[in-house]
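Chemist: Attaching a predicted model along with its sequence, questions to come.
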Amino acid sequence: MAKTPSLDDYRVPYFSDKKAEKFSLDTIDPAAKPFTAGSKDGDRDRLSEIGNKLDVLQERLHAQRHHRVLLVLQGMDTSGKDGTIRGVFHEVDPLGLRIVAFRAPTPIEASHDFLWRVHMQVPGAGELAIFNRSHYEDVLVPRVTGQIDPAECERRYRQIREFESLLAESGTTVIKCMLHISKDEQKNRIQARIDDPTRHWKFDVSDLDARRQWDAYQSAYRDALAATSTEYAPWYVIPADSKTHRNLMVAELLLRLMENLKLEYPPAKAELKGLKIE
């Protein structure tokens with residue numbers, strides 16, 4: 001009998017586990033659709049169902065103002081970070097929801113430590129924040145381009161673990177998703193941007209530079225995920241060749257996380273019982 005797929009099958013082994021040393025992205029098929037309902041329409045229906053549940057849970061999160069939730073999205077160019085946000089949160093009220101897109105550091109940001117600008121953007125009480133790219137750019141791009149050496153990279157891994165531990169101990173639930181796209185699918189998506197004038201704004205020549213260094217980036221991702229997946233801030237690898245299933249899988253993961261928080265509305269105020277407005 002085939003094994004029923006589990007979200008935990010796609011969790012990167014924890015840094016403290018010896019299995020992390022053997023972790024490889026090659027073992028995860030970017031085209032896999034383990035949680036499909038059997039059709040694209042079925043997956044969309046399930047995604048909409050989850051979206052409505054997330055809307056209720058997010059409202060409770062915002063009303064309660066106790067928990068904080070941080071969703072980190074990373075992935076190669078065209079892996080679908082923007083599309084995931086649109087797809088997963090389509091039914092969610094923007095109240096208490098905040099999206100942060102990290103670009104190249106400004107001169108002011110670059111004059112501080114690499115986590116300075118990130119700490120300012122973490123969610124506040126009752127908030128769900130989504131990082132479209134994140135502090136992980138600082139152990140990916142500079143590693144591949146040779147701006148930091150292996151020793152500095154290891155220091156940054158440790159600093160990231162400690163930073164995320166601080167967040168967790170301060171009441172922030174952290175979940176991180178690496179959107180895993182194949183090189184062939186990326187080629188198709190980049191070409192589609194080039195061929196469609198209305199999508200030229202999404203194309204940057206630097207995307208091609210990164211593509212030429214595909215293997216180096218895959219290696220950098222593997223090492224970063226293995227070094228920073230922890231019990232308090234786990235990494236999940238999300239097959240991303242299918243846009244609809246990618247969104248569904250991230251939604252399923254977020255739903256499980258938020259249901260585990262046991263979110264409730266604040267207690268009713270006794271002074272409002274029986275109050276009639278004239």
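Modeler: Cool, the structure landed. Numbering: from 1, shown residues only.
Chemist: For the protein, which helix or strand comes out least confident on mean pLDDT?
Modeler: Using mean pLDDT, DSSP states H and E, the weakest-scoring helix or strand in the chain turns out to be helix 205-212, at a mean of 88.
Chemist: How about residues contacting stretch 176-189?
Modeler: 12, 25, 28, 30-31, 71-81, 84, 136, 211, 214, 221, 225, 229, 233-241, 246, 250, 253 (C-beta atoms under 8 Å, 6 or more residues apart in numbering). Yep, even glycine has a C-beta here, placed from its N, CA and C like the rest.
Chemist: And for stretch 100-112?
Modeler: Applying C-beta under 8 Å, 6+ apart, the contact partners of stretch 100-112 are 114, 116-118, 121, 129-135, 137.
Chemist: Just the ones of the residues you listed in helices?
Modeler: Residues of the contacts of stretch 100-112 located in helices (DSSP state H): 116-118.
Chemist: Using ChimeraX, define a selection of the buried residues within the residues you listed.
Modeler: Buried residues among the ones in helices among the contacts of stretch 100-112 (16 or more other C-beta atoms under 10 Å), as a ChimeraX selection:
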select :117,118
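Chemist: Tabulate the ones in helices among the contacts of stretch 100-112 (a markdown table), appending distance to Leu97 and pLDDT.
Modeler: Output for those, formatted as a markdown table (distance: C-beta to C-beta, whole Å; pLDDT from 0 to 100):
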| residue | distance to Leu97 | pLDDT |
| --- | --- | --- |
| Trp116 | 24 | 98 |
| Arg117 | 20 | 97 |
| Val118 | 18 | 98 |
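Chemist: what about Gln74, which SS state?
Modeler: For Gln74, the assignment made with DSSP: H, G, I helix; E, B strand; the rest coil gives strand.
Chemist: bridging residues for it?
Modeler: Beta-bridge pairing for Gln74 (DSSP bridges): Met178.
Chemist: Contact partners for it?
Modeler: Counting by C-beta under 8 Å, 6+ apart, Gln74 touches 81, 133-134, 136, 140, 176-179, 221.
Chemist: Closest one to Pro5 out of these, please.
Modeler: Minimum distance to Pro5 across the contacts of Gln74 is 16.2 Å, recorded for Cys177 (C-beta to C-beta).
Chemist: pLDDT at the closest one, what is it?
Modeler: Note on Cys177: pLDDT of 98.
Chemist: Tally up the residues packed near it, please.
Modeler: 24 (other C-beta atoms under 10 Å).
Chemist: ditto for the one 5 residues further on
Modeler: By other C-beta under 10 Å, the residues close to Ser182 number 16.
Chemist: ok, it to Asp43 distance?
Modeler: To Asp43, Ser182 is 19 Å away according to C-beta to C-beta, to the nearest Å.
Chemist: Then Asn260?
Modeler: Distance from Asn260 to Asp43, by C-beta to C-beta: 23 Å.
Chemist: Let me see the mean pLDDT of stretch 261-278.
Modeler: What stretch 261-278 shows for mean pLDDT is 90.
Chemist: Measure how far the lengthiest helix in the chain is from the centre of its chain, please.
Modeler: Of all the segments assigned as helix in the chain under DSSP H, the longest by residue count is helix 40-64. Relative to its chain's centre, helix 40-64 lies at 17 Å (C-alpha atoms, centre = their mean, to the nearest Å).
Chemist: Buried ones in it, by neighbour count?
Modeler: Buried residues in helix 40-64, counting neighbours by 16+ other C-beta under 10 Å, are found at 43, 46-47, 50-51, 53-55, 57-62.
Chemist: so which of those residues comes closest to Glu152?
Modeler: Using C-beta to C-beta, Leu61 is the member of these that lies nearest Glu152, at 36.7 Å.
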